[in-house]
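A.B. asks: coordinates only, sequence not included:
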Ligand SMILES: O=P(O)(O)OC[C@H]1O[C@H](O)[C@H](O)[C@@H](O)[C@@H]1O
């Protein structure tokens with residue numbers, strides 16, 4: 001532990017280390033033999049989510065020690081500090097108030113003299129007005145045609161949350177609206193954008209420029225390409241009255257919405273003031289889907305479902321604030337992670353949803369967890385003396401079964417898995433035959449989900465076969481996992497699920513004593529890329545670079561000039 005930890009914190013940590021030495025000798029299957037009530041002891045149901053932690057390699061005593069560690073780390077006070085708007089983001093000296101974005105209108109939260117709830121609901125109302133115009137077919141492009149395609153230009157937190165949620169809730173599209181399709185372009189190389197530009201009609205395409213800072217080169221490069229594409233194709237058309245050619249100003253006005261915490265930069269880029277949606281510095285990028293960055297979500301599911309998503313997250317916030325630590329889902333999920341990383345040395349974590357609608361959930365969590373907790377100094381700036389965020393990756397579970405599960409079952413690396421699945425699906429399919437088939441497919445997916453966590457736990461003991469299999473057919477088992485069952489995948493349960501993981505990340509940050517709300521580790525790469533770009537364009541000399549970087553740039557230059565470098 002770090003130097004500033006109190007004697008009581010150290011004692012709690014050391015008690016866990018001693019306990020881990022004993023428990024590491026015990027195979028997970030033994031823990032099930034030792035206690036018949038593991039399911040009830042380690043499973044909790046809240047807000048439409050059932051969290052099964054019984055397949056973690058822990059017992060009652062472990063949980064007791066972990067809860068003591070959480071108390072000693074001041075977790076209850078830290079939760080209150082987060083939710084009440086204290087400046088928990090110490091390196092940037094500001095609150096982290098994403099939970100305020102989902103407060104109901106009747107709530108009260110005043111932070112440093114500002115009525116946060118009123119400001120949040122005003123921005124939601126503004127977003128709602130834009131959504132209604134688009135859904136009514138009343139938002140027209142510069143030549144007078146209703147907008148058909150909306151492309152979100154954003155990256156990181158300005159992309160992954162909306163991308164994940166729009167896919168997860170695609171079934172919730174409102175009926176009887178003007179059809180608006182939503183697309184995402186994030187990569188700085190322009191791959192996704194180039195595809196859209198080749199296929200869409202500029203007259204009916206609108207871009208959302210989503211960037212908290214409005215300085216992200218990836219997004220601005222895409223935006224500039226899109227702007228020139230529109231200007232080049234639309235300026236030859238006549239305006240809505242059919243008398244004059246459309247002006248550049250009208251094109252930018254009608255084909256761009258900006259979402260940012262910097263109105264000045266949006267104005268400087270040319271976004272019309274009434275087409276700007278605001279948010280605040282106190283909302284971290286990767287925590288921002290709940291507000292105006294969620295515009296693509298609201299465009300897909302409508303405002304009523306968007307509000308249900310917020311309500312689900314708010315219900316989880318209330319649970320996080322009010323439930324005792326030993327009943328508190330985010331706390332328990334966070335503590336399971338601490339146990340795995342710091343006491344069982346399991347530093348790889350796989351996210352495995354068994355529902356195709358959650359295709360982007362792992363990518364979303366990769367940013368949420370690793371950008372938040374991939375840190376190695378404490379809030380006081382000391383080196384941590386322990387591991388923090390594990391390597392986290394994932395993929396749809398059924399597809400991953402045919403790809404990397406081999407390593408989960410027989411590799412040398414211990415991995416903890418999160419299995420995520422809805423209990424009910426396809427009730428709304430009208431054709432009875434198709435419904436029967438799809439329900440059977442859903443059952444098949446769940447059977448695989450439950451089977452995989454069982455085999456990971458039991459290994460060879462999952463089958464009743466006589467004799468020992470040859471070495472290459474053996475399964476070691478003893479791999480811990482968590483299963484999260486959603487009653488159904490709805491806006492409300494999805495909101496609760498995302499908030500569960502957000503708060504889990506916070507719980508772990510408190511125990512590790514790190515700031516989960518900054519991301520200084522991404523800045524140096526941006527600065528060096530700028531320098532490198534100048535070198536590649538021949539504006540500055542390469543001499544200061546290492547041999548590898550010089551070689552790569554020279555090879556690129558030669559390729560660009562059509563020569564080969566030997
Ligand atoms: O929304 P923006 O300011 O454009 O930032 C987009 C993303 O890029 C940054 O480099 C950060 O690593 C992310 O946390 C952020 O979400």
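C.D. replies: Yes, it's here. All figures in this text were calculated on a predicted structure; none of them were measured in a lab.

A.B. asks: residues contacting the closest residue to the ligand within the stretch 251-400 of the chain?
C.D. replies: Nearest residue of the stretch 251-400 of the chain to the ligand, counting by CB to the nearest ligand atom: residue 285, 2.8 Å away. C-beta coordinates here come from the backbone N, C-alpha and C atoms, glycine included. By CB atoms under 8 Å, 6 or more residues apart in numbering, the residues touching residue 285 are 156-158, 212.

A.B. asks: try it again at 6 Å.
C.D. replies: 156-157, 212 (CB atoms under 6 Å, 6 or more residues apart in numbering).

A.B. asks: could you list which of those residues also contact the ligand?
C.D. replies: 156-157, 212 (CB under 6 Å from any ligand atom).

A.B. asks: any idea how many residues pack against the closest residue to the ligand within the stretch 1-150 of the chain?
C.D. replies: Using CB to the nearest ligand atom, residue 92 is the residue of the stretch 1-150 of the chain that sits closest to the ligand, at 12.1 Å. By other CB atoms under 10 Å, 16 other residues sit near residue 92.

A.B. asks: so where's the stretch 1-150 of the chain shaky on pLDDT?
C.D. replies: 1-4 (pLDDT under 70).

A.B. asks: again, only using 90
C.D. replies: Confidence mapping of the stretch 1-150 of the chain against pLDDT under 90 gives the ranges 1-6, 36, 112.

A.B. asks: and the strands in it, which stretches?
C.D. replies: Under the criterion DSSP state E, counting those that start in this stretch, the stretch 1-150 of the chain contains strands at 43-46, 49-52, 110-111, 114-115, 149-153.

A.B. asks: do the same with the chain
C.D. replies: With DSSP state E applied, the chain shows strands at 43-46, 49-52, 110-111, 114-115, 149-153, 181-185, 205-210, 256-260, 276-278, 348-353, 391-394, 416-424, 481-488, listed in chain order.

A.B. asks: in JSON lines: those strands, plus mean neighbour count.
C.D. replies: JSON lines is the format used below for those (neighbours: other CB atoms under 10 Å):
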{"stretch": "strand 43-46", "mean neighbour count": "16"}
{"stretch": "strand 49-52", "mean neighbour count": "18"}
{"stretch": "strand 110-111", "mean neighbour count": "14"}
{"stretch": "strand 114-115", "mean neighbour count": "13"}
{"stretch": "strand 149-153", "mean neighbour count": "24"}
{"stretch": "strand 181-185", "mean neighbour count": "21"}
{"stretch": "strand 205-210", "mean neighbour count": "26"}
{"stretch": "strand 256-260", "mean neighbour count": "26"}
{"stretch": "strand 276-278", "mean neighbour count": "20"}
{"stretch": "strand 348-353", "mean neighbour count": "24"}
{"stretch": "strand 391-394", "mean neighbour count": "19"}
{"stretch": "strand 416-424", "mean neighbour count": "22"}
{"stretch": "strand 481-488", "mean neighbour count": "20"}
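
A.B. asks: return the set of buried residues in stretch 548-556.
C.D. replies: For stretch 548-556, the neighbour count (16 or more other CB atoms under 10 Å) marks residue 553 as buried.

A.B. asks: from the chain's centre, how far out does it sit?
C.D. replies: The chain centre lies 35 Å from the centre of stretch 548-556; the measure is CA atoms, centre = their mean, to the nearest Å.

A.B. asks: mind putting the strands of the stretch 1-150 of the chain into JSON lines with distance to residue 344?
C.D. replies: Shown next, in JSON lines, are these (distance: least, CB to CB, whole Å):
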{"stretch": "strand 43-46", "distance to residue 344": "20"}
{"stretch": "strand 49-52", "distance to residue 344": "18"}
{"stretch": "strand 110-111", "distance to residue 344": "39"}
{"stretch": "strand 114-115", "distance to residue 344": "44"}
{"stretch": "strand 149-153", "distance to residue 344": "40"}
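
A.B. asks: wait, which of the ones you listed is closest to residue 399?
C.D. replies: For those, the distance to residue 399 is smallest for strand 49-52, at 22.5 Å, taking CB to CB.

A.B. asks: wait, what's in contact with the most centrally placed residue in the chain?
C.D. replies: What sits nearest the mean C-alpha location of the chain, by CA atoms, centre = their mean, is residue 364, with 2.8 Å. With contact set as CB under 6 Å, 6+ apart, residue 364 has these partners: 160, 164.

A.B. asks: return the residues of this structure in contact with the ligand.
C.D. replies: So the chain meets the ligand at 155-158, 211-213, 216, 219, 285-286, 371, 519, 522 (CB under 6 Å from any ligand atom).

A.B. asks: now with 5 Å?
C.D. replies: Residues of the chain lying close to the ligand (CB under 5 Å from any ligand atom) are 156-158, 211-213, 216, 285, 519, 522.

A.B. asks: where along the stretch 301-450 of the chain do the helices fall?
C.D. replies: Using DSSP state H, counting those that start in this stretch, the helices of the stretch 301-450 of the chain run over 329-338, 361-365, 372-373, 397-400, 405-410, 432-458.

A.B. asks: which stretches of the stretch 1-150 of the chain form helices?
C.D. replies: 7-23, 28-34, 38-42, 60-72, 75-83, 116-135.

A.B. asks: TSV for the ones you listed, including mean neighbour count?
C.D. replies: Converted to TSV, the helices of the stretch 1-150 of the chain look like this (neighbours: other CB under 10 Å):
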stretch	mean neighbour count
helix 7-23	15
helix 28-34	15
helix 38-42	15
helix 60-72	19
helix 75-83	18
helix 116-135	17
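
A.B. asks: nearest to residue 435, of the ones you listed?
C.D. replies: helix 116-135 (28.8 Å).

A.B. asks: quick one, that closest one and strand 256-260 angle?
C.D. replies: On the basis of axes from the mean of the first three to the mean of the last three CA atoms, to 10 degrees, helix 116-135 is oriented at 160 degrees to strand 256-260.
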